[in-house]
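1. Following is a predicted model, sequence given first.
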Protein chains: 2
Amino acid sequence: MQVIHHISELRAAIRLAKAEQGRIRVGLVPTMGFLHRGHASLLESARRQCDLVVLSIFVNPLQFGPNEDFERYPRNEEQDLALAKAAGADIVFLPSVTEMYTRPTKTTVSVAGVTEPLCGASRPGHFDGVATVVTKLFNIVQPDAAFFGLKDAQQVAAITQMVDDLNIPVDIVPCPIVREEDGLAMSSRNVYLQPEQRRQALVLFSGLRLAERLIREHHGEMEAAVVKEALVKHISEAPLAEIDYVELLTYPSLEPVNRIAAEAEIIIAVAVRFGATRLIDNAIIQIPKRNDMK
Amino acid sequence: MQVIHHISELRAAIRLAKAEQGRIRVGLVPTMGFLHRGHASLLESARRQCDLVVLSIFVNPLQFGPNEDFERYPRNEEQDLALAKAAGADIVFLPSVTEMYTRPTKTTVSVAGVTEPLCGASRPGHFDGVATVVTKLFNIVQPDAAFFGLKDAQQVAAITQMVDDLNIPVDIVPCPIVREEDGLAMSSRNVYLQPEQRRQALVLFSGLRLAERLIREHHGEMEAAVVKEALVKHISEAPLAEIDYVELLTYPSLEPVNRIAAEAEIIIAVAVRFGATRLIDNAIIQIPKRNDMK
């Protein structure tokens, strides 16, 4: 496994691999590091589908708001490299901020629509930062496929829209959420949680399961507001939980849903703060068509 | 010369050329058609520097304002194909609007800074449209080099900035302005001009020459305002000319210039309306350093 810090070296390494191995499929797993089993599952998918697996680790300042956790975002290079190697990465790309932004970028890639609700509403500018850095990484690596975790389902929707709109020749591969034993979605930010916050954070997962059960019990025939209300009530039972949003939208178009039945695919998405730590989680549900349920 | 209307066919044709010819250099000349000798010079540059020359002809609705000339923009496919062939294009890519925008695009590429003065001020949204469609064309063709005319010097500055900021692996090759015998810069829009407008349109070129002479006579030691004033006065002598802007800026950063001497490279840029027709022209001047002039 090669560890590379500079764009020119990365391009040379990929060029060399192509020259040596002929037509190869290059997979990119873009991350912000502090890797966990969720990231490992992305690397394993890439390993199965590609000949050359590039992992990028870059905490992108552009996607953090001024009061967010860019400075204190957890980093552990040594542990990341060990996990990357075990999960089958061929190249780890670890650029510095000045390597990625030689001068402050004047160019922004913006995706309208899908980036507006959910995290887009509470984190203005976040998805511009994501779309811009992902475009840069795609241009640097020129992968055939890129692997993203569905915990950031809105990010997957935004990147898919961007790739489609801009004719970017990269296959976007969404990968399922990986969870701790007790159901908490894996996140680099889980490390921020105090023990009691960690315990109460389970309401995200249990709430999503509750909502899903409710919808299935009603065969999808119900008002979205009823589901949201039950979910808000459930999460609010955790005294340390402060709800940022609880939403039920179409997926991947992320449009409002009033009555559920009409929708083929929906997402129940939540963002909840425990102290300064903001956690997100979601469930994407296929509502069978009415005919299928009879 | 192949004429191709669909993205998938274009990609297949380029893939085939690469498979047959090995490592080839692909050149892209993006245009809006109604080709003239200026476009021919771009194709000829591409022909000299590249193995496969792709000309795109696409009148991009995204870069036209609601009151601009998208609908009436001149088109002549037959003439364009003849010129393309004579100038050495291998492939002409002629997509429809729905081929390029299968659905309305939600993704926008924006370049701040260099797009704000000049045409950016009088044509809001124009450069977003340019940056977005050029990004799409780059993703579709994946050229090694792309050729742009310096008549649209601000466009060259914006695309260069974008390529740099987004790590797009394309060399941007700016090509000199090509002029009619009498000095009028070649433009597809010249066809709109009535005979008397056409005659008076020469003030753009003669004004730029005047400004340049003035600067050189003063060895670059003068206020930008004095140059602008002389240029405005000269253009205003044409009764049909309505000035949109007359500016003197740094190039390619397009920042304001007060006193000229301090600047290594400046652009004198003008936009003038004759009736409904808006013409632009410019001169990029290297001001020798003071030491060089002694």
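-> All right, it came through fine.
2. Need the per-residue pLDDT for residue A:219.
-> According to the prediction, residue A:219 has pLDDT 84.
3. Next, find the distance separating it from chain B.
-> Here the criterion is C-beta to the nearest C-beta, to the nearest Å. By it, residue A:219 lies 32 Å from chain B. In short, each C-beta sits where N, CA and C put it, glycine included.
4. That residue: how many residues sit nearby?
-> Residues contacting residue A:219 under the criterion other C-beta atoms under 10 Å in any protein chain shown number 15.
5. Name the SS class of it, please.
-> What DSSP: H, G, I helix; E, B strand; the rest coil gives for residue A:219 is coil.
6. Tell me the buried residues in stretch A:57-68?
-> Using 16 or more other C-beta atoms under 10 Å in any protein chain shown as the test for burial, stretch A:57-68 gives A:57-60, A:62-64.
7. Likewise for stretch A:10-24?
-> Neighbour-count burial for stretch A:10-24 [16+ other C-beta under 10 Å]: A:10-11, A:13-14, A:17.
8. Give me the contacts around that stretch.
-> Here stretch A:10-24 makes contact (C-beta atoms under 8 Å, 6 or more residues apart in numbering or on different chains) with A:2, A:4, A:26, A:50-52, A:54, A:90-91, A:93, A:140-142, B:169.
9. From what I see, residue A:282 and residue A:269 are in contact.
-> Yes: applying C-beta atoms under 8 Å, one finds residue A:282 in contact with residue A:269, separated by 4.2 Å.
10. what residues are shared contacts of those two?
-> Residues touching both residue A:282 and residue A:269 (C-beta under 8 Å, 6+ apart) are residue A:153.
11. Run through the helices of the stretch 51-200 of chain A in chain order.
-> Counting by DSSP state H, counting those that start in this stretch, the stretch 51-200 of chain A has these helices, from start to end: A:77-87, A:97-100, A:118-122, A:126-141, A:153-165, A:195-200.
12. Out of those, which gets nearest to residue B:113?
-> helix A:126-141 (15.0 Å; C-beta to C-beta).
13. what's the spacing between that closest one and its chain's center?
-> 13 Å (C-alpha atoms, centre = their mean, to the nearest Å).
14. Kindly export it (C-alpha atoms) in PDB.
-> Only the C-alpha atoms of helix A:126-141 are listed here, as PDB (Å, rounded to 0.1, in the frame of the first residue of the first chain):
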ATOM      1  CA  HIS A 126     -21.900  22.400   3.600                       C
ATOM      2  CA  PHE A 127     -22.900  20.700   0.300                       C
ATOM      3  CA  ASP A 128     -21.200  23.300  -1.800                       C
ATOM      4  CA  GLY A 129     -18.000  22.300   0.100                       C
ATOM      5  CA  VAL A 130     -18.700  18.600  -0.400                       C
ATOM      6  CA  ALA A 131     -19.600  19.000  -4.200                       C
ATOM      7  CA  THR A 132     -16.500  21.100  -4.800                       C
ATOM      8  CA  VAL A 133     -14.000  18.800  -3.000                       C
ATOM      9  CA  VAL A 134     -15.600  15.700  -4.500                       C
ATOM     10  CA  THR A 135     -15.200  17.200  -8.000                       C
ATOM     11  CA  LYS A 136     -11.600  18.000  -7.200                       C
ATOM     12  CA  LEU A 137     -10.900  14.400  -6.000                       C
ATOM     13  CA  PHE A 138     -12.700  13.000  -9.100                       C
ATOM     14  CA  ASN A 139     -10.500  15.200 -11.400                       C
ATOM     15  CA  ILE A 140      -7.400  14.200  -9.500                       C
ATOM     16  CA  VAL A 141      -8.000  10.400  -9.300                       C
END
